[in-house]
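Peer 1: My questions are about this predicted structure, shown below with the sequence.
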Amino acid sequence: MKNPEAQQDVSVSQGIRMMFYVMKPSETSFQTLEEVPDYVRKATPFFISLMLLELVVSWIRKGKPSGGLDDALASLSAGIMSRLPRLFSRSIELTSYVYIWENYRLISLPWDSPWTWYLTFLGVDFGYYWFHRMAHEVNIMWAGHQTHHSSEGYNLSTALRQSVLQIYTSWIFYSPLALFIPPSVYAVHLQFNLLYQFWIHTEVIDNLGPLELILNTPSHHRVHHGRNRYCIDRNFAGTLIIWDRIFGTFEAENEKVVYGLTHPINTFEPFKVQFHHLVNIWTTFWATPGFFNKFSVIFKGPGWSPGKPRLGLIEEIPEVEGKEIPFSSSASQLLKIYVLVQFALMLAFYEETFADKAVLSQVTLLLRVCFIILTLTSIGFLLDQRRKAAVLETFRCLVFLMLCRSGHLKPCLSSSSFAFECISTESIK
Ligand SMILES: [Zn+2]
Ligand SMILES: [Zn+2]
């Protein structure tokens with residue numbers, strides 16, 4: 001029997017509460033996976049509202065914004081790129097889970113019991129801790145996760161700087177839950193665990209008193225994003241900081257945190273942000289002699305090299321002074337406004353494409369995804385002031401016109417996507 005309290009639509013109250021994991025089991029328990037709402041997609045207005053609120057608070061308190069536009073756009077671009085594969089299929093985190101549940105489950109805990117709900121909350125958070133720790137300690141996993149750490153700023157937009165690759169290893173850490181927890185309960189907590197981690201990416205909240213003992217907080221997560229030596233490989237928690245306290249990886253915030261990678265990448269290009277470390281691994285792999293050493297390049301820590309301990313040497317982490325100036329774009333203010341407008345238009349296409357994906361043909365979906373990636377790349381080129389930026393942007397504008405003419409893209413924000421889809425299917429015929 002269906003749960004009458006669980007709704008597909010998310011009310012404003014639920015939307016605010018879900019950003020902080022303050023949800024009741026009764027309103028978020030579903031019998032089947034198909035009934036589980038896409039909470040992460042429904043969170044877009046709350047992401048935007050909280051980012052604007054952070055901007056205002058930061059302006060009032062410090063007289064300046066909480067970060068640069070260039071850095072924020074690079075973060076949002078990474079977030080968009082990481083979600084694009086979901087237009088075509090269910091995520092691997094869900095498909096692998098359902099496969100294990102259907103073929104190997106030992107028992108079936110009741111989907112509508114609050115005990116199952118709370119156990120899954122703990123199970124997903126525990127799985128996240130170990131995934132996240134391994135993502136820092138295993139070089140090939142770090143190749144995905146480093147994207148999230150590549151911002152030299154720290155504000156709510158940093159939370160959205162997500163990796164395209166990460167999901168291909170994170171599913172492993174949740175799979176034991178599939179032996180006893182129904183996929184619908186898992187799918188709810190997987191989303192809330194991710195959403196909870198949004199609000200902790202901020203400098204406008206200092207210390208939360210006794211809550212710091214149990215919860216992952218902005219202060220704890222600031223340490224996690226630091227490149228100061230005392231911050232390296234600390235505070236891997238998702239929602240509960242207790243895992244770091246139990247497994248000895250906890251560190252409290254003390255000296256000023258300098259954010260980002262130990263070796264900053266100094267670029268806003270989305271492909272470099274996502275994949276640059278894969279290139280590093282590739283070159284180090286071939287430059288390192290011996291089979292076992294090559295194996296270690298892939299599976300030991302990012303700081304490892306022959307003769308060093310598994311996670312490298314902390315003395316080799318560059319010292320910071322607290323006066324480091326984050327990389328920023330040298331583009332003019334006018335160009336930045338142009339880039340912002342193009343990004344906003346693309347964001348509207350992105351949202352609309354997700355909303356209409358059920359009625360769009362695979363060809364239209366694919367063309368739209370290519371256009372979104374082209375737009376993000378062009379924005380990265382413009383912000384980086386690359387020599388080919390003008391050529392790429394002109395090409396992108398031509399592609400935009402061609403896609404509009406062929407009906408695969410709408411030139412303005414009307415709700416007539418179905419009509420456009422009919423036209424495009426007709427034109428394909
Ligand atoms: Zn991390
Ligand atoms: Zn983070």
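Peer 2: Arrived safely, thanks for sending. Numbers count the residues shown, from 1 in each chain. Ligands and ions are numbered 1, 2, ... in the order given.
Peer 1: what sits against the most centrally placed residue in the chain?
Peer 2: Centroid-nearest residue in the chain: Gln162, 2.5 Å away (criterion: Cα atoms, centre = their mean). Residues in contact with Gln162 (Cβ atoms under 8 Å, 6 or more residues apart in numbering) are 78-79, 82-83, 147-148. Where C-beta positions appear, they are placed from N, C-alpha and C, glycine not excepted.
Peer 1: and it, helix, strand or coil?
Peer 2: Using DSSP: H, G, I helix; E, B strand; the rest coil, the structure places Gln162 in coil.
Peer 1: Need the nearest residue in space to it, chain neighbours excluded.
Peer 2: Ser82 (4.0 Å; Cβ to Cβ, 6 or more residues apart in numbering).
Peer 1: Which residue, other than its chain neighbours, is closest to Tyr168?
Peer 2: Spatial nearest neighbour of Tyr168, chain neighbours left out: Ile92 (6.2 Å); criterion: Cβ to Cβ, 6+ apart.
Peer 1: quick one, what contacts the one you found?
Peer 2: By Cβ under 8 Å, 6+ apart, the residues touching Ile92 are 167-168, 171.
Peer 1: Can you tell me what sits against stretch 128-148?
Peer 2: 78, 158, 161-166, 168-170, 172-174, 193, 233, 236-239, 243-244, 247, 249, 261, 273-275, 277-278, 281, 297-302, 304, 310-311.
Peer 1: if we can go back for a sec, got a winner among the contacts of Gln162 for most neighbours?
Peer 2: Counting by other Cβ atoms under 10 Å, Thr147 has the largest number of neighbours within the contacts of Gln162, with 30 neighbours.
Peer 1: in which helix or strand would I find it?
Peer 2: Using DSSP states H and E, Thr147 falls within helix 139-149.
Peer 1: average pLDDT across that helix?
Peer 2: Averaged over helix 139-149, pLDDT sits at 98.
Peer 1: got it, and stretch 327-347?
Peer 2: In this model, stretch 327-347 has an average pLDDT of 96.
Peer 1: Then stretch 255-262?
Peer 2: Stretch 255-262 carries an average pLDDT of 96.
Peer 1: Return the set of buried residues in that stretch.
Peer 2: 257-262 (16 or more other Cβ atoms under 10 Å).
Peer 1: which outside residues touch that stretch?
Peer 2: The contact list for stretch 255-262 (Cβ under 8 Å, 6+ apart) reads 146, 149-154, 158, 222-223, 225-228, 230-232, 317-318, 320-322, 324, 326.
Peer 1: separation between Ser75 and Ser328?
Peer 2: As judged by Cβ to Cβ, to the nearest Å, Ser75 and Ser328 stand 14 Å apart.
Peer 1: shared neighbours of these two, anything?
Peer 2: By Cβ under 8 Å, 6+ apart, no residue touches both Ser75 and Ser328.
Peer 1: Neighbour count for those two, which is higher?
Peer 2: Taking other Cβ under 10 Å, Ser75 and Ser328 do not tie; Ser75 has more neighbours (27 against 15).
Peer 1: Identify the residues contacting that one.
Peer 2: Taking Cβ under 8 Å, 6+ apart, we find Ser75 in contact with 151, 157-161.
Peer 1: pLDDT wise, what is it at?
Peer 2: pLDDT for Ser75: 98.
Peer 1: Could you find the closest non-adjacent residue to it?
Peer 2: Nearest in space to Ser75, with sequence neighbours left out and distances taken as Cβ to Cβ, 6+ apart, is Arg161 at 3.8 Å.
Peer 1: In this model Ala78 seems to touch that neighbour, though I could be wrong.
Peer 2: Yes: shown here, Arg161 and Ala78 form a contact pair, counting by Cβ atoms under 8 Å, at 4.5 Å.
Peer 1: Give me the buried positions along stretch 155-173.
Peer 2: 155-167, 169-173.
Peer 1: cool, and stretch 53-68?
Peer 2: In terms of neighbour count (16+ other Cβ under 10 Å), stretch 53-68 has its buried residues at 54-55, 58, 66-68.
Peer 1: Looking at these, which is nearest Asp125?
Peer 2: Asp125 has its nearest neighbour among the buried residues of stretch 53-68 in Glu54, at 24.6 Å by Cβ to Cβ.
Peer 1: Doesn't that closest one belong to a helix?
Peer 2: Yes: secondary structure of Glu54 (three-state DSSP): part of a helix.
Peer 1: The closest residue to Arg310 other than its chain neighbours: how many residues sit nearby?
Peer 2: With sequence-adjacent residues excluded and distances taken as Cβ to Cβ, 6+ apart, Arg310 is closest to Lys300, at 5.0 Å. Residues contacting Lys300 under the criterion other Cβ under 10 Å number 20.
Peer 1: can you pull the contacts of Lys300?
Peer 2: The contact partners of Lys300, by Cβ under 8 Å, 6+ apart, come to 138-139, 310-311.
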